[in-house]
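**Student:** okay, here's the prediction I keep looking at, along with the sequence it came from:
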Amino acid sequence: MASRTQYRQETARLLSGAQFLESTASTNADTSKVILADYASTVIQNDHFIGFVMYVSYDAGAVHGAPEGEYKRIADYTASTGTFVPDSAFTAAVTASDKVEIHGVIHPVLIHEAIDRALRKSLYYTLAVPSALTDADMEASVSGWTAGAGCTLSRTVVAGEFYRGLQASKVLNTGAAASYAYQRINAVAGDTGYVVAVSRNNAITTSSKLVVYDYTNSAEIESVTNAEFDWQSLGVQFTVPADCHQVEFRLQNITATINAYSMWDQVQLLWQGQKRYAMPSWVTEPWQVGRTVYQMEGSNFVNDGHMTDRTASTRWSHIRTKKELATVYIVPDPPFNNAQPVYVECLRPYAALASDSATSDADLDWIATKAKYECLRMLAAPMVPTRELGEFKKSLDEAKMEAAAMEARFQPKIEQRWGFADEELFSLRQV
């Protein structure tokens, strides 16, 4: 894992070489002054750093407090003492043991933009959950889940509290006998379905329960309980009762203790005979979609997108992808009719980093090299003095080649086994 600070500093080193240095500040109580002993010199001119950007990468005194993350242009510099004067005051003094970066090639905010752009253009293998439910993987910004009785519903991004992806739903009990979050959909009496989810409880005394509920007649259809502390897979097959027109799928915490909670992820609903399923919102293009696999679920497989039974894909040798507006669908042939979890191998872009402490498991060298190229693209020819155009173009071409080499090394390729363009295969099975 690498933090945004690490990506930024590595990118700055690639751009500036030995000119970039993270320094430790000296004791100082003035918010309009920064003392860096590393920059005390008898040979550097006093105007050398004027116009450069000073970025506070770490505040030691309050441990990640102010002025960490703040940046200022350098208005004055005294080489003999290593004293810098910013163009405006920091919100707190940069004092002993604080870490400070000096950026001269490109503003650190633009480096952050370049890092995010590099991350969005970089992919990794993961498993997507096809489901007849909205926001089945709990990754969408607008959730399809609703807080029911006795429940406070939220999203958690805390490590260990989400199963796969970037976040999960957290069902917090407010003291009710059975607090739950739910999603309600229309149903047809007699239809058979299979629903499966993974859940984890916050304590060994807490239990969670997946419930299929007949909302029309106020009766439970089927349920399965998890009394374990670790992640467990909960699945149940059911048939919609007669006179039932709406079914609720409840993610329930059945421990009547205030602040007991359960985490829920990967809630898959498969209907026998259903011909297409929406992919998660992060699947934006058909080329991201690979083959279909079974996936064992449980505490031993958390965040592991490769522990799959690959032979399952032969069962659905013809799967078409189609995109309607912003949604990508898969069309399995034959339709899913199994009672175990089915996933789709997909390529997913890495997420942008919102803060210096935010981390990603994208390779540091890969992202820094691509971010360097993105930075040089920002410094496009119109901004480069004519006398330096040749040298700049050489640097840009070299950065492009370095980025391409890193792409070849780290960028995964999906296995396109189905021939998605062969529409004639499906001419008799149009959906």
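**Tutor:** Thanks, I have it.

**Student:** how is the protein divided into domains?
**Tutor:** 7-112, 124-349 (automatic domain parsing).

**Student:** low-confidence ranges in this protein?
**Tutor:** Counting by pLDDT under 70, the chain has low-confidence residues at 294-318, 381-389, 414-431.

**Student:** ok, longest helix in it?
**Tutor:** Across the chain, the longest stretch assigned as helix under DSSP state H is helix 389-410.

**Student:** go through that one and flag the buried ones.
**Tutor:** By neighbour count on 16 or more other C-beta atoms under 10 Å, the buried set for helix 389-410 is 392, 395-396, 399, 402-403, 406, 410. Quick note: C-beta positions are derived from backbone N, CA and C, even for glycine.

**Student:** which members of those residues are the farthest-apart pair?
**Tutor:** The largest separation in the buried residues of helix 389-410, counting by C-beta to C-beta, is between 392 and 410 at 26.6 Å.

**Student:** show me where the stretch 201-350 of the chain has strands.
**Tutor:** Ranges of strands in the stretch 201-350 of the chain, per DSSP state E, counting those that start in this stretch, are 208-214, 219-226, 232-239, 246-253, 261-271, 277-278, 289-295, 308-309, 318-324, 327-333, 342-349.

**Student:** I'd like those as CSV, with distance to residue 78 appended.
**Tutor:** Below are the strands of the stretch 201-350 of the chain laid out as CSV (distance: least, C-beta to C-beta, whole Å):
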stretch, distance to residue 78
strand 208-214, 63
strand 219-226, 65
strand 232-239, 63
strand 246-253, 62
strand 261-271, 54
strand 277-278, 62
strand 289-295, 59
strand 308-309, 62
strand 318-324, 60
strand 327-333, 59
strand 342-349, 46
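
**Student:** looking at the ones you listed, which is nearest to residue 124?
**Tutor:** Here strand 342-349 is closest among the strands of the stretch 201-350 of the chain (C-beta to C-beta), at 6.0 Å.

**Student:** helices or strands up against the next helix or strand after that closest one?
**Tutor:** Using DSSP states H and E, the helix or strand that follows strand 342-349 in sequence is strand 359-360. On a contact count with 3 or more C-beta pairs under 8 Å, 6 or more residues apart in numbering; DSSP states H and E, strand 359-360 meets strand 2-3.

**Student:** which of the buried residues of helix 389-410 sits closest to residue 156?
**Tutor:** Nearest member of those to residue 156, counting by C-beta to C-beta, is residue 410, at 29.1 Å.

**Student:** isn't residue 327 up against residue 279?
**Tutor:** Yes - under the criterion of C-beta atoms under 8 Å, residue 327 makes contact with residue 279 at 7.4 Å.

**Student:** comparing those two, which residue is more hemmed in?
**Tutor:** residue 279 (24 against 13; other C-beta atoms under 10 Å).

**Student:** buried residues, stretch 277-287. List them.
**Tutor:** 277-283, 286.

**Student:** right, I mislabeled it, should have said stretch 19-36
**Tutor:** Neighbour-count burial for stretch 19-36 [16+ other C-beta under 10 Å]: 20, 22-23, 25-26, 28, 31, 33-36.

**Student:** any idea how far it is from the chain center?
**Tutor:** 34 Å (C-alpha atoms, centre = their mean, to the nearest Å).

**Student:** got a list of contacts for it?
**Tutor:** With contact meaning C-beta atoms under 8 Å, 6 or more residues apart in numbering, stretch 19-36 is reached by 9, 12-13, 37-39, 54, 57, 67, 81-86, 88-104.

**Student:** end-to-end on it?
**Tutor:** Terminal residues of stretch 19-36 are spaced 15 Å apart (C-alpha to C-alpha, to the nearest Å).

**Student:** again with stretch 90-109
**Tutor:** Stretch 90-109: ends 17 Å apart by C-alpha to C-alpha.

**Student:** for it, buried residues please.
**Tutor:** 90, 92-95, 98-108.

**Student:** quick one on the thing from earlier: what is the nearest of the buried residues of stretch 19-36 to residue 152?
**Tutor:** Nearest to residue 152 among these, with distances taken as C-beta to C-beta, is residue 31, at 40.7 Å.

**Student:** so the closest one lies in a strand, does it not?
**Tutor:** No - per DSSP: H, G, I helix; E, B strand; the rest coil, residue 31 lies outside any strand segment and is coil.

**Student:** what's the closest non-adjacent residue to it?
**Tutor:** For residue 31, ignoring the flanking residues on the chain, the nearest one in space by C-beta to C-beta, 6 or more residues apart in numbering is residue 89 at 4.2 Å.

**Student:** likewise for residue 72?
**Tutor:** In space, residue 72 is closest to residue 86, 3.4 Å off (C-beta to C-beta, 6+ apart).

**Student:** ok, now how distant is that neighbour from residue 16?
**Tutor:** Shown here: residue 86 relative to residue 16, a distance of 20 Å by C-beta to C-beta, to the nearest Å.

**Student:** among those two, which residue is more densely surrounded?
**Tutor:** Using other C-beta under 10 Å, the more surrounded residue of residue 86 and residue 16 is residue 86, with 20 against 15.
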